[in-house]
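Enquirer: this one's sequence-less:
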């Protein structure tokens with residue numbers, strides 16, 4: 001069974017220094033802060049609330065296990081499914097164990113192994129994204145970090161079962177994309193999805209990471225920006241002051257979105273679903289009008 005982690009119970013008012021306006025008035029960088037909030041619900045929080053009979057699967061069968069990615073089989077409203085997601089950890093010990101949600105190659109290979117099992121047994125896949133990015137350490141590079149991410153991208157395009165992706169917090173570059181190819185891609189309204197962090201972007205462009213708020217606006221990394229650009233298909237509502245204030249309500253919003261997206265994905269034939277997925281990906285990166 002899944003390793004239970006101590007969850008924060010103090011999920012009431014955010015601190016006075018944290019963003020708290022209604023979601024419509026938040027700036028891009030305020031949404032970045034909410035996406036990174038230390039009390040924000042993680043993959044295991046949603047698994048606990050949305051899925052029954054969850055059994056975690058470990059290891060990539062090549063090197064070892066990576067706790068930064070959680071994978072397993074479960075039931076969603078009685079339907080057998082597979083769930084894959086990043087896990088950051090709450091306290092210092094957990095964050096060290098989970099590597100702050102930054103997977104190494106074995107994490108992505110584990111995720112793909114479990115997705116292939118889902119395909120073999122005809123189970124839909126739910127992917128939950130929440131990572132600053134793939135781990136950039138020397139050991140990860142030595143074991144083929146870039147190759148693992150690229151291989152996942154190619155193989156996920158071809159999966160014959162429905163794949164529903166949700167960015168629940170941070171969607172950091174290739175670290176997110178490696179489990180982010182799907183028929184439907186959704187984001188919580190205060191989640192972010194970007195090729196680089198605002199701080200990294202500001203450090204490169206202006207040699208000053210303190211200009212992260214300016215970079216966040218320019219990166220167009222919010223759910224609202226990405227929905228307008230048709231990069232994501234749906235924005236999932238959060239509790240008024242953010243998902244970290246009410247895990248149960250956030251889970252109910254996610255439950256409704258997953259149910260709707262899964263129903264749409266299974267309503268068409270396998271060939272049609274694969275064709276739609278391919279067409280969706282081919283449209284990314286277009287600029288201007290046809």
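Expert: Right, received. Where do you want to start? As the structure is a computational prediction, the values presented were derived from the model and not from experiment.
Enquirer: Could you report the separation of the closest residue to residue 179 other than its chain neighbours from residue 115?
Expert: Among residues not flanking residue 179 along the chain, residue 127 sits closest, at 4.8 Å (Cβ to Cβ, 6 or more residues apart in numbering). No exception for glycine: its C-beta is placed from N, CA and C like everyone else's. Look at residue 127 and residue 115: by Cβ to Cβ, to the nearest Å, they are 8 Å apart.
Enquirer: The residue nearest to residue 179 contacts residue 164, correct?
Expert: Yes: Residue 127 is within contact range of residue 164, at 7.1 Å (criterion: Cβ atoms under 8 Å).
Enquirer: Overlap in contacts, those two.
Expert: residue 182 (Cβ atoms under 8 Å, 6 or more residues apart in numbering).
Enquirer: If you count surrounding residues, which of residue 127 and residue 115 has more?
Expert: The residue with more neighbours, out of residue 127 and residue 115 and counting by other Cβ atoms under 10 Å, is residue 127; that gives 26 against 23.
Enquirer: who touches that one in this structure?
Expert: Remark: with contacts taken as Cβ under 8 Å, 6+ apart, residue 127 is in contact with 83, 84, 85, 163, 164, 165, 166, 179, 180, 182.
Enquirer: Rebuild these as JSON lines, extending it with neighbour count and pLDDT.
Expert: As requested, the contacts of residue 127 are exported to JSON lines (neighbours: other Cβ atoms under 10 Å; pLDDT from 0 to 100):
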{"residue": "83", "neighbour count": "26", "pLDDT": "98"}
{"residue": "84", "neighbour count": "26", "pLDDT": "98"}
{"residue": "85", "neighbour count": "24", "pLDDT": "97"}
{"residue": "163", "neighbour count": "27", "pLDDT": "97"}
{"residue": "164", "neighbour count": "25", "pLDDT": "97"}
{"residue": "165", "neighbour count": "26", "pLDDT": "97"}
{"residue": "166", "neighbour count": "28", "pLDDT": "97"}
{"residue": "179", "neighbour count": "29", "pLDDT": "96"}
{"residue": "180", "neighbour count": "21", "pLDDT": "95"}
{"residue": "182", "neighbour count": "24", "pLDDT": "93"}
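Enquirer: biggest separation within those residues, which pair?
Expert: The most widely separated members of the contacts of residue 127 are 83 and 180, with 14.2 Å between them, by Cβ to Cβ.
Enquirer: Low-confidence regions, the stretch 151-290 of the chain specifically.
Expert: Under the criterion of pLDDT under 70, the regions of the stretch 151-290 of the chain flagged as low confidence span 286-290.
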